[in-house]
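[1] Sequence and predicted structure are below.
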Amino acid sequence: MAGEDDTADKTEDPTQKRLDDALERGDVVKSQELNTWFLIAAATLVLTTFSDSIGSGIMMPLRNLIANSWMIHTDGAGLLAMARGLAYAVIAAIGLPLVMLMLAALAGNMLQHRLVWSGEPLKPTLSKISPLSGAKRLFGKQAAVNFAKGIFKLVLLGSVMVMILWPERMRLESLLHLDPNALLGVTLSLTKHLMGSVVALLAIVAIGDYLFQYRQWYERQKMSVQEVKEEFKQSEGDPHVKGRIRQLRQQRMKKRMMAAVPKASVIITNPTHYSVALAYERGMQAPVCVAKGVDNIAFKIREIARAHDIPIVENVPLARALYATVEIDDEIPVEHYHAVAEIIGYVMGLRRNLSGRL
């Protein structure tokens with residue numbers, strides 16, 4: 001019941017990370033019927049294309065061996081040389097067909113998934129030796145599908161073989177009286193016909209089995225809502241932790257900003273909301289924003305400015321514009337040079353007057 005509940009909880013489609021992890025573990029879509037189809041199709045192609053060359057490639061060395069049997073040395077070296085020559089001849093005759101069969105076997109796997117190098121399936125697990133798990137494999141959905149698939153293939157292929165061979169029954173009876181050379185040609189023709197039909201029918205079985213195996217694999221990868229949340233936390237970070245980090249950064253920035261307010265030359269404000277602290281010294285290319293804020297932070301900037309006798313100038317549009325366009329420790333934009341220069345010039349003039357009076 002617990003296993004059924006776990007399966008029922010997995011209602012969410014798998015993420016790309018979940019699918020990639022399954023691939024790394026070696027948990028991939030695997031349709032044995034598709035692999036079998038590729039091998040049978042390749043064997044049919046080899047038979048129709050290379051049967052003559054394979055036969056002649058093997059027949060000629062054997063014919064020469066029989067014709068020149070009196071020349072064979074019966075010592076160890078002679079027999080070894082003869083066996084080596086026959087082996088080379090057989091390899092030369094069947095080498096290319098064997099390569100085609102190996103490529104077909106690889107193609108059957110690579111069509112379903114990319115190549116995977118994983119030792120995960122080889123690790124010993126209790127589920128592999130558990131009687132309960134073995135019973136589930138014997139009587140589960142996969143076993144039922146394999147049984148039905150086997151019956152279907154047996155009935156289908158048997159019917160096709162009967163349909164092809166029944167009209168040839170009289171001809172097959174006469175094969176007992178044919179010359180071996182003629183017998184080989186007739187047998188080869190019937191074999192090609194049978195294998196071509198088998199390839200066509202097994203293609204339907206292979207496609208159906210692949211779709212079923214893919215669906216089963218995809219269902220296994222489904223996730224519960226909690227698993228989706230956990231994966232999001234792992235990949236994107238815990239939202240609570242990220243919020244706390246953001247809060248700490250803002251607090252540090254606020255402290256650094258308030259510590260820089262006493263270095264400001266002037267505070268430009270909108271009395272109700274905005275405050276922007278600008279610092280300027282002779283030789284600087286343009287004034288620099290050392291602090292800015294709205295509402296409570298803006299009032300705090302003004303409070304620190306009053307405590308350090310920093311001039312506060314009210315300019316509503318300039319305060320709003322500077323707050324929106326300039327960042328901390330950045331120079332003011334060019335379009336505000338003139339307005340800020342007038343204010344700083346006014347402030348520096350006031351300071352000179354105060355110094356002269358003192």
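    Received it, and whenever you're ready, just let me know what you need. Remember, predicted model here, so these are calculated numbers, not experimental data.

[2] Assign a three-state SS to the closest residue to residue 315 other than its chain neighbours, would you?
    Of all residues not flanking residue 315 in the chain, residue 268 sits nearest, at 5.4 Å (CB to CB, 6 or more residues apart in numbering). Glycine gets a C-beta too; all of them are placed from N, C-alpha and C. Of the three states, residue 268 takes strand under DSSP: H, G, I helix; E, B strand; the rest coil.

[3] Could you check how many residues crowd around residue 268?
    By other CB atoms under 10 Å, 30 other residues sit near residue 268.

[4] hang on, it packs against residue 280?
    No: here residue 268 lies out of contact with residue 280, judged by CB atoms under 8 Å, at a distance of 11.9 Å.

[5] I'd like the distance between the residue nearest to residue 315 and residue 299.
    Noted for residue 268: a distance of 15 Å to residue 299, by CB to CB, to the nearest Å.

[6] what does residue 270 give?
    Taking CB to CB as the measure, residue 270 falls 12 Å from residue 299.

[7] Residue 282 too?
    Taken as CB to CB, the span from residue 282 to residue 299 is 31 Å.

[8] which of those two has more neighbours?
    Set residue 282 next to residue 299 and count neighbours by other CB under 10 Å: residue 299 wins out with 14 against 5.

[9] Below-threshold pLDDT in this structure: ranges please.
    1-8, 74, 114-140, 142, 178, 180-182, 234-241, 351-358 (pLDDT under 70).

[10] Show me where it has its strands.
    Assigned by DSSP state E, the strands in the chain fall at 266-269, 274-279, 288-294, 312-314.

[11] what packs against the first one?
    What it means is strand 266-269. When contacts are defined as 3 or more CB pairs under 8 Å, 6 or more residues apart in numbering; DSSP states H and E, strand 266-269 packs onto strand 274-279, helix 296-307, strand 312-314, helix 316-325, helix 337-357.

[12] List of residues touching the second one?
    If I follow you right, that is helix 296-307. Contacts to helix 296-307, defined as CB atoms under 8 Å, 6 or more residues apart in numbering, come from residues 254, 258, 261-262, 264, 267, 269, 273-275, 277, 291-293, 310-312.

[13] how about a cut-off of 10 Å?
    Residues outside helix 296-307 that contact it (CB atoms under 10 Å, 6 or more residues apart in numbering) are 254, 257-262, 264, 266-267, 269-277, 290-293, 310-312, 319, 323.

[14] out of the helices and strands packed on strand 266-269, deepest packed?
    Of the helices and strands packed on strand 266-269, the one with the most neighbours on average (mean count of other CB atoms under 10 Å) is strand 274-279, at a mean of 26.

[15] returning to what we had before: if burial is judged by neighbour count, which of the contacts of helix 296-307 pass?
    By neighbour count, with 16 or more other CB atoms under 10 Å, these hold 257-258, 260-262, 264, 266-267, 269-270, 274-277, 290-293, 310-312, 319, 323 as buried.

[16] that older thread, bridging residues for the residue nearest to residue 315?
    With DSSP bridges as the criterion, residue 268 is bridged to residue 276, residue 313.

[17] Correct me if wrong: it contacts residue 310.
    No: assessed by CB atoms under 10 Å, residue 268 is found out of contact with residue 310, at 11.2 Å.

[18] Overlap of the contact sets of the two?
    The contact sets of residue 268 and residue 310 overlap at residue 277 (CB under 10 Å, 6+ apart).

[19] residue contacts, residue 159?
    residue 201.

[20] ok, now residue 59?
    Neighbours of residue 59 in contact, by CB under 10 Å, 6+ apart: 89, 93.

[21] ditto for the one 10 residues further on
    Shown in contact with residue 69 (CB under 10 Å, 6+ apart): residue 82.

[22] Can you tell me how far it is from residue 85?
    Counting by CB to CB, the gap from residue 69 to residue 85 is 14 Å.

[23] so residue 112 makes contact with residue 210?
    Yes: if you go by CB under 10 Å, residue 112 and residue 210 touch, sitting 6.9 Å apart.

[24] how about residue 213, what does it touch?
    With contact taken as CB under 10 Å, 6+ apart, residue 213 is in contact with 28, 29, 30, 31, 32, 33, 34, 112, 142, 145.

[25] Run a quick check on the fourth one versus residue 212, I expect a contact.
    The one in question is residue 31. Yes: shown here, residue 31 and residue 212 form a contact pair, counting by CB under 10 Å, at 7.9 Å.

[26] These two: which is more packed in?
    Neighbours per residue (other CB under 10 Å) separate residue 31 from residue 212, with residue 31 holding more: 23 against 16.

[27] Quick one: residues contacting that one.
    37, 108-109, 111-112, 205-214, 217.

[28] got a list of what the residue lying closest to residue 205 once chain neighbours are set aside touches?
    With sequence-adjacent residues excluded and distances taken as CB to CB, 6+ apart, residue 205 is closest to residue 33, at 5.5 Å. Residues counted as contacts of residue 33 (CB under 10 Å, 6+ apart) are 108, 146, 149, 153, 202-210, 212-213.

[29] Out of those, the closest to residue 164 would be?
    Nearest to residue 164, judged by CB to CB, of the contacts of residue 33 is residue 202 at 14.9 Å.

[30] Just give the nearest non-adjacent residue to the closest one, would you?
    Nearest to residue 202 is residue 37, by CB to CB, 6+ apart, at 4.9 Å.

[31] I'd like the distance between that neighbour and residue 108.
    When residue 37 is compared with residue 108 (using CB to CB), they lie 7 Å apart.

[32] Also residue 228?
    34 Å.

[33] Give me the more crowded residue out of these two.
    Set side by side, residue 228 and residue 108 show more neighbours around residue 108, with 21 against 16, by other CB under 10 Å.
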